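> Got a sequence here, can you build the structure:
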Amino acid sequence: MNRRYFLESSAVIIGTTFLVRNINWGSANMTTSQSNFEITKTEQEWRTTLTPEQFRVLRKHGTEPAFTSPLDKEYAEGTFICAGCEQPLFTSETKFNSGTGWPSFYQPIDGAIATTVDRSFFMTRTEVHCSRCGGHLGHVFNDGPAPTGKRYCMNGVAMEFIPA
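This next block holds a predicted model:
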């Protein structure tokens with residue numbers, strides 16, 4: 001009986017430790033810090049300038065459903081800008097079809113993005129933010145095409161497209 005109790009207790013402790021380290025708990029961990037960005041607004045100000053879906057993605061680190069953004073199939077010449085602050089993020093020359101259902105790029109415009117570590121959903125990923133307003137854009141992965149080998153997998157709702 002003591003051995004069984006020990007094994008069960010150990011499993012609970014290990015499982016709890018794993019969950020605490022890998023889950024974002026509540027909205028406090030899901031809000032972008034406002035202190036390090038050129039453009040800062042209160043939550044209410046963001047809510048009045050963004051659509052509800054843009055607010056959920058840009059300010060609360062949400063993800064739009066795959067294959068729902070018209071920007072996924074946008075291949076005209078132009079620039080993809082942040083829906084929160086209109087900073088240019090990616091050019092159409094760096095866009096490619098990743099087949100994932102989200103707009104994908106192999107390289108951002110210099111200085112346009114910032115990254116942080118995202119440990120949600122039991123994995124570690126590199127989260128991509130707008131360097132000007134801190135809005136959550138998506139994630140970057142190391143399975144993209146040449147020349148960078150990167151895949152910037154962006155939420156279309158977090159961007160707008162400006163044709164050339």
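
> Verify the stated contact: residue 106 with residue 144.
Yes: in this structure residue 106 lies within contact range of residue 144 using C-beta atoms under 8 Å: 4.7 Å. In short, each C-beta sits where N, CA and C put it, glycine included.

> shared neighbours, these two?
Listed as contacting both residue 106 and residue 144 by C-beta atoms under 8 Å, 6 or more residues apart in numbering are 96, 150-152.

> got a winner among the residues you listed for most neighbours?
residue 152 (26 neighbours; other C-beta atoms under 10 Å).

> any idea how far residue 60 is from that one?
Remark: distance between residue 152 and residue 60 (C-beta to C-beta, to the nearest Å) = 20 Å.

> Ok, residue 159 next?
For residue 159, the distance to residue 60 - C-beta to C-beta - is 17 Å.

> what about those two, which has more around it?
Between residue 159 and residue 60, counting by other C-beta under 10 Å, residue 159 is the more crowded of the two (27 against 14).

> List the contacts of that one.
71, 80-83, 89-90, 103, 137.

> ok, 10 Å please
Applying C-beta atoms under 10 Å, 6 or more residues apart in numbering to residue 159 gives the contacts 54, 57-58, 69, 71, 74, 79-84, 89-90, 103, 130, 135, 137-138.

> What does the pLDDT read for it?
For residue 159, the pLDDT comes out at 98.

> May I have the strands that pair with the strand or helix carrying residue 79, each with its orientation?
According to DSSP states H and E, residue 79 maps onto strand 78-82. Using DSSP bridges, the strands paired with strand 78-82 in its sheet are strand 88-91 (antiparallel), strand 159-163 (antiparallel).

> Could you pull up the mean pLDDT of it?
The model assigns strand 78-82 a mean pLDDT of 98.

> Contacts for it next, please.
Residues outside strand 78-82 that contact it (C-beta under 10 Å, 6+ apart) are 39, 58, 71, 74, 87-95, 103, 105, 108-109, 112-113, 129-135, 137, 154, 156, 158-164.

> List buried residues within those residues.
Neighbour counting by 16 or more other C-beta atoms under 10 Å classes 58, 71, 74, 87, 89-92, 94-95, 103, 105, 108-109, 112-113, 129-135, 137, 154, 156, 158-161 among these as buried.
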